[in-house]
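1. Have a look at this prediction, sequence included:
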Amino acid sequence: MMNENRFNFNDALLTALFGTPNRKNTMDRLRVVCTAFPDEEFRTAAVILRERIRKMDDFSWTALCKLSKWEINQLFDTERILYDAGEEPDEDDDLGDEDNEE
């Protein structure tokens, strides 16, 4: 039997992409995502995640959301990967946050 409280990679990825520390906002975003994904497997994963979030309390969700975002960021941290490879990022590489662009 699978532990319902355990996040898998897809859950963490969906949380990193569409989650916010506010549980209700995340559920609203996932409702939209459930209809937008062309891949049926991801749509199903989004529906299941949304239902699991609905059953959580706000405090637990906020902690889990922040942890999931941090873990996904650690996996896909471009700056760290380039540093570990001994390379310097090019000037035209956009490693910053898209929201901070002017």
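-> That came through, no problem.
2. pLDDT below threshold where in this structure?
-> 1-5, 77-102 (pLDDT under 70).
3. Quick one: the helices in it, in order.
-> Counting by DSSP state H, the chain has these helices, from start to end: 9-18, 23-36, 40-54, 58-75, 78-84.
4. Tell me the helices and strands packed up against the longest one.
-> If contacts are counted by 3 or more Cβ pairs under 8 Å, 6 or more residues apart in numbering; DSSP states H and E, helix 58-75 sits against helix 9-18, helix 23-36. (Glycine included, C-beta is placed from N, CA and C.)
5. just so I know, which of these lies nearest Ser68?
-> helix 9-18 (4.0 Å; Cβ to Cβ).
6. For that closest one, list every residue counted as buried.
-> Asp11, Ala12, Leu13, Leu14, Thr15, Ala16, Phe18 (16 or more other Cβ atoms under 10 Å).
7. quick revisit: which of the helices of the chain is buried the deepest?
-> helix 9-18 (a mean of 18; mean count of other Cβ atoms under 10 Å).
8. residues contacting the residue lying closest to Phe18 once chain neighbours are set aside?
-> The spatially closest residue to Phe18, leaving aside those adjacent along the chain, is Arg29, at 4.5 Å (Cβ to Cβ, 6 or more residues apart in numbering). Neighbouring residues of Arg29 by Cβ atoms under 8 Å, 6 or more residues apart in numbering: Phe18, Gly19, Thr20.
9. Verify the stated contact: the first one with Val33.
-> Yes: taking contacts as Cβ atoms under 8 Å, Phe18 lies within contact range of Val33: 5.6 Å.
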